[in-house]
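here is a sequence together with a model predicted from it:
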Amino acid sequence: MSEENPSVSAYFDEVKYLLITEPSIGSFDILREVVKEKEGLIRIRAMLSNKGILEIFEYVTIDREKPVVNTYSFHWQDGRGNLLSRWDNAPHHKEVTRFPHHRHLENGVVSSKQVTLREVLEIIQEEISQQM
């Protein structure tokens with residue numbers, strides 16, 4: 001069994017800290033966390049303060065001693081299970097201008113820049129704040 005890479009572990013610790021300190025997150029469960037020598041993945045289900053859900057997936061590798069997010073998906077839905085938005089970089093929408101980065105909305109798919117969990121949480125927090 002290989003030792004955990006401190007860079008991947010530290011990155012995942014930052015993800016967890018971000019969720020703990022984010023006001024829009026009520027609670028979260030780590031569904032899967034794998035840390036290997038030069039790569040890792042994390043899958044989290046976060047319950048939002050407004051009863052919505054954010055499903056988080058990131059696959060991270062180490063490049064020049066720094067973590068790089070290679071694959072990501074941030075799936076946001078309301079309390080009834082309706083899609084609000086999903087940002088990901090799965091290579092299945094070649095028509096988008098910033099391929100493979102795209103965003104699923106209720107009415108279709110649009111091009112998107114690569115987003116971070118922090119950016120997604122800011123968008124969600126803004127939306128929840130407007131609802132109050």
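Received, thanks.

distance of Val69 from Ser85?
Here the criterion is C-beta to C-beta, to the nearest Å. By it, Val69 lies 18 Å from Ser85. Heads up, the C-betas are built off the backbone N, CA and C, glycines and all.

after the worst-scoring helix or strand of the chain on mean pLDDT, which helix or strand is next?
Taking mean pLDDT, DSSP states H and E as the measure, the helix or strand of the chain with the lowest value is strand 108-111, at a mean of 90. Once strand 108-111 ends, the next helix or strand along the chain (criterion: DSSP states H and E) is helix 117-131.

counting by contacts, list what that following helix packs against.
helix 6-21, strand 53-63, strand 66-77, strand 83-88 (3 or more C-beta pairs under 8 Å, 6 or more residues apart in numbering; DSSP states H and E).

make JSON lines from those and add distance to Arg32 to it.
Shown next, in JSON lines, are these (distance: least, C-beta to C-beta, whole Å):
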{"stretch": "helix 6-21", "distance to Arg32": "11"}
{"stretch": "strand 53-63", "distance to Arg32": "9"}
{"stretch": "strand 66-77", "distance to Arg32": "13"}
{"stretch": "strand 83-88", "distance to Arg32": "17"}
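
can you redo these as a markdown table with mean pLDDT, distance to Glu119 and mean neighbour count?
Formatted as a markdown table, the helices and strands packed on helix 117-131 follow (pLDDT from 0 to 100; distance: least, C-beta to C-beta, whole Å; neighbours: other C-beta atoms under 10 Å):
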| stretch | mean pLDDT | distance to Glu119 | mean neighbour count |
| --- | --- | --- | --- |
| helix 6-21 | 94 | 11 | 15 |
| strand 53-63 | 97 | 13 | 18 |
| strand 66-77 | 96 | 9 | 17 |
| strand 83-88 | 97 | 9 | 18 |
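
select, out of these, the one closest to Val120.
Proximity to Val120, assessed across the helices and strands packed on helix 117-131 by C-beta to C-beta, is greatest for strand 66-77 (4.5 Å).

can you give the distance of the closest one from its chain's centre?
Relative to its chain's centre, strand 66-77 lies at 5 Å (C-alpha atoms, centre = their mean, to the nearest Å).
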